[in-house]
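*Asks:* Below: sequence and its predicted model.
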2 protein chains.
Amino acid sequence: MKILILGGDGYLGWPTAMHFSQRGDEVAVLDNFAKRRWELEEGVEPLMPTPPLQRRAKRWKEITGNEIKPFIGDLCNHRFVYNVLREFSPDAIVHYGEQPSAPYSMQNRTTAVYSQVNNVTGTLNLLFAMRRHCPDAHLIKLGTMGEYGTPNIDIEEGWITIQHNGREDTVLFPKRPGSFYHLSKVHDSANIEFTCRIWGMRATDLNQGVVYGVDTSTTELHSDLRTSFHYDHVFGTVLNRFLVQAAVGAPLTVYGQGGQTRGFLNIRDTIRCVEISVDNAAERGEFRVFNQFTEQFSINDLAEMVARVSKSQGLSVEITHLDNPRIEAEEHYYNAKHTLLTDLGLNPTFLSDEVLSKMLTTVRANCDHVDADVFAPQISWSGRNA
Amino acid sequence: MKILILGGDGYLGWPTAMHFSQRGDEVAVLDNFAKRRWELEEGVEPLMPTPPLQRRAKRWKEITGNEIKPFIGDLCNHRFVYNVLREFSPDAIVHYGEQPSAPYSMQNRTTAVYSQVNNVTGTLNLLFAMRRHCPDAHLIKLGTMGEYGTPNIDIEEGWITIQHNGREDTVLFPKRPGSFYHLSKVHDSANIEFTCRIWGMRATDLNQGVVYGVDTSTTELHSDLRTSFHYDHVFGTVLNRFLVQAAVGAPLTVYGQGGQTRGFLNIRDTIRCVEISVDNAAERGEFRVFNQFTEQFSINDLAEMVARVSKSQGLSVEITHLDNPRIEAEEHYYNAKHTLLTDLGLNPTFLSDEVLSKMLTTVRANCDHVDADVFAPQISWSGRNA
């Protein structure tokens, strides 16, 4: 199959590209390196160096014999997008190519507008280009569980059947996202659903939980193939940050009370979920939504697990509660369904002490250059920083 | 009260501005004349000439002694928006300042992306500027009933209480909009709701039905004060187009079967609804939604009413059914709630034969320069035209 990975230079995009390449698919990656620029804006860098995409692709070919073709350019440049789709003519497009950080979007007007315009325009350009050059291709779009917010009812997978005043309809699950970034994903989902309805596009919207993990079976093959693991307050997801804090003896920073509960998954499961979606394409005209996570945890749960595992490795770890920079419920009902991917064959890697301990070991082996100043949140949802 | 009307050069913005000015409010209008440029792009013009905004404001002052202050500029220019809010410091902001046409947005990639980026960016800039310079001001944002689509359940006013698996929550009513334009309004609503939640903004989202009508009590005062009435396939709402078609002896063009049912209201009621919203501000932190229409009709209902009234004026009118350029249900359940504005004092002007006959008389007195070539739809939802 011909698979195009948008955002192929990123934390998830690069290992996804290697995975499909390894199993024999024809893979191309597209990136404009915007993420690396945002890192420079924020003064942060990944835990381990990540060589340029072309060099990683070259190394991949040396090691495996397989080619990953890089397309360098911006999804907001529609001529570029049309050209890539015409030339490569993919069967499936995995779309990670967006500004992915809630704090980044919440810094000020510029980053809020940028995040929404960048993400919405890129996805609209993609949809129009697909209609023109590969209308039968399957779009696998990365969304986030954060689109739903924390409703007081069970979260279904994208669609919900409502009984109301004696009548019934199946409608898109109502969303209440928690940042301008999360809103951009909600806008994307609405736009994609519309094009499925009017143009017969086929799309899978993956509402992904919070990803954790340092490596995958392919990133381990060579140091040049490692993926960009973040532990900072802007791009670092919570468990990844906790692991680095533990490794360097810094306190684990829980925002607020820590009762915030979310869905989580291992980076290896992200790749497996995307693979399952690619291998089981949505129908023409279908807007399919999967909730892509394997377990629910509260932030306190995670902090306690990391502290326990760290202790077993002889580390002394403290847990501190900071004023919550976000505006969010800190104690709430949360029960999100996530059976559709399991029904299609996902066999989850759960967050055991063993899994956590292995990640901590890897992080400890790579924590010589950690910048402890970027752990603490510096971006407030209230706008006091704007 | 100090009231700022965004899109104050438009069909609804200008009479709204005159109305508040007449009753003694301090009124400013903001416009960048983008709508007049879109008209030129499409090769269409309003039924009657509309002088430049500054000249209309001058005429208004001559006739009434009241000043309407024009601010000329673009909501997408955030410095301009910040400056206007700092200088004028409004108590209420009525936001009509968006690309308002579904067909315009559906022409091609350029107009789709433009409509969403223009509308979303303008509204985000406004929200950030309000937070900076007038956080207590009340935002009255014009949305559309088209955001809801045509669900098989009753449409509530913005929020719906759902029972699901033994639990309950009140959530935003699920939407399923019918064009890239309608989607832009959905995106706006989501963004505004978020700022009410995190910054304590106060907002009223007016999901307006299809507006009809030629004049209001203020537009009748002088020919220079008339508003920009459109009858073309891009900017003309359906009943307005039918009236002009009847006036010039052209067939009334129903799209498809004509069972499409929507909410409608008289332009005089639009102004009254906005007035009610301004006079009954939302609370700080409240995202309030009103469904702003007075009656439901199918397109066939309207065609038959126009034909009957035309006949009573001695006109012979034919009704034709065209292939539907839109992708929409042509027979469907439709029951949309609209009691909140009535509860606050709206006394509707219903679409009687008398009201219709008076509008037709006005249109007939002004139909010397009608371009019958712009009645027929030229923009297809399927993308065949793109």
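*Replies:* Nice, I can see it.

*Asks:* how far out from the middle of the chain is stretch A:95-103?
*Replies:* Here stretch A:95-103 is found 7 Å from its chain centre; the criterion is CA atoms, centre = their mean, to the nearest Å.

*Asks:* is any part of it close to chain B?
*Replies:* No. Stretch A:95-103 does not reach chain B (CB under 8 Å from any CB of the partner chain); its nearest approach is 11.7 Å. In short, each C-beta sits where N, CA and C put it, glycine included.

*Asks:* could you dump that stretch to CSV, C-alpha only?
*Replies:* What follows is stretch A:95-103, C-alpha atoms only, in CSV (Å, rounded to 0.1, in the frame of the first residue of the first chain):
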residue,chain,number,x,y,z
HIS,A,95,-2.3,13.1,9.2
TYR,A,96,-0.2,14.2,12.2
GLY,A,97,0.8,17.4,10.5
GLU,A,98,-0.6,20.0,12.9
GLN,A,99,0.5,22.3,15.8
PRO,A,100,0.0,19.7,18.6
SER,A,101,0.4,21.6,21.9
ALA,A,102,-2.4,23.1,24.0
PRO,A,103,0.0,25.3,26.0
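
*Asks:* what comes up buried for that stretch?
*Replies:* By 16 or more other CB atoms under 10 Å in any protein chain shown, the buried positions in stretch A:95-103 come out as A:95-103.

*Asks:* Check which helices and strands the longest helix anywhere in chain A sits against.
*Replies:* Determined from DSSP state H, the single longest helix within chain A is helix A:109-133. Judged by 3 or more CB pairs under 8 Å, 6 or more residues apart in numbering or on different chains; DSSP states H and E, helix A:109-133 is in contact with helix A:78-88, strand A:92-95, helix A:102-105, strand A:138-144, helix A:180-199, helix B:109-133, helix B:180-199.

*Asks:* tell me the angle of it relative to helix B:180-199?
*Replies:* When axes from the mean of the first three to the mean of the last three CA atoms, to 10 degrees is applied, the directions of helix A:109-133 and helix B:180-199 differ by 150 degrees.

*Asks:* mind checking how far helix A:109-133 is from the chain centre?
*Replies:* Offset of helix A:109-133 from its chain centre (CA atoms, centre = their mean): 17 Å.

*Asks:* so which strand or helix has A:Arg36?
*Replies:* A:Arg36 belongs to helix A:34-42 when elements are defined using DSSP states H and E.

*Asks:* If I take that helix and helix A:109-133, what angle do their directions form?
*Replies:* Between the axis of helix A:34-42 and that of helix A:109-133 there is an angle of 180 degrees, by the same axes, to 10 degrees.

*Asks:* Name the next helix or strand following helix A:34-42 along the chain.
*Replies:* Downstream of helix A:34-42, the next assigned helix or strand under DSSP H and E is helix A:53-64.

*Asks:* How about that following helix, which residues are buried there?
*Replies:* Residues of helix A:53-64 classed as buried: A:53, A:56-60, A:64 (neighbour count, 16+ other CB under 10 Å).

*Asks:* Also stretch A:200-211?
*Replies:* Of the residues in stretch A:200-211, A:201-211 count as buried by neighbour count, 16+ other CB under 10 Å.

*Asks:* Pick out whichever of those residues sits closest to chain B.
*Replies:* Nearest to chain B, judged by CB to the nearest CB, of these is A:Met201 at 10.8 Å.

*Asks:* How about the backbone phi and psi for that closest one?
*Replies:* Backbone torsions of A:Met201, given as degrees, to the nearest 10, read phi -60, psi 160.

*Asks:* Leaving out sequence neighbours, find the closest residue to it.
*Replies:* The shortest distance from A:Met201 to any non-neighbouring residue, by CB to CB, 6 or more residues apart in numbering or on different chains, is to A:Thr195 (4.6 Å).

*Asks:* show me what contacts the residue of the stretch 201-350 of chain A found nearest chain B?
*Replies:* Chain B sits closest to A:Ile327 of the stretch 201-350 of chain A, with a gap of 4.6 Å, by CB to the nearest CB. Residues in contact with A:Ile327 (CB atoms under 8 Å, 6 or more residues apart in numbering or on different chains) are A:178, A:381-382, B:197-198.

*Asks:* Adding neighbour count, write those out as TSV.
*Replies:* Below are these laid out as TSV (neighbours: other CB atoms under 10 Å in any protein chain shown):
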residue	neighbour count
A:Gly178	23
A:Trp381	23
A:Ser382	13
B:Arg197	18
B:Ile198	20
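
*Asks:* quick one: pLDDT of A:Gly383?
*Replies:* A:Gly383 carries a pLDDT value of 79.

*Asks:* That one: what's it in contact with?
*Replies:* By CB under 8 Å, 6+ apart, A:Gly383 lies in contact with B:131, B:198-199.

*Asks:* Turn the residues you listed into JSON lines, columns for pLDDT.
*Replies:* Shown next, in JSON lines, are those (pLDDT from 0 to 100):
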{"residue": "B:Arg131", "pLDDT": "97"}
{"residue": "B:Ile198", "pLDDT": "97"}
{"residue": "B:Trp199", "pLDDT": "97"}
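
*Asks:* I'd like to know which of those is nearest to A:Gly314.
*Replies:* Nearest to A:Gly314 among the contacts of A:Gly383: B:Ile198, at 42.1 Å, using CB to CB.

*Asks:* Having no further points to raise, I will conclude here.
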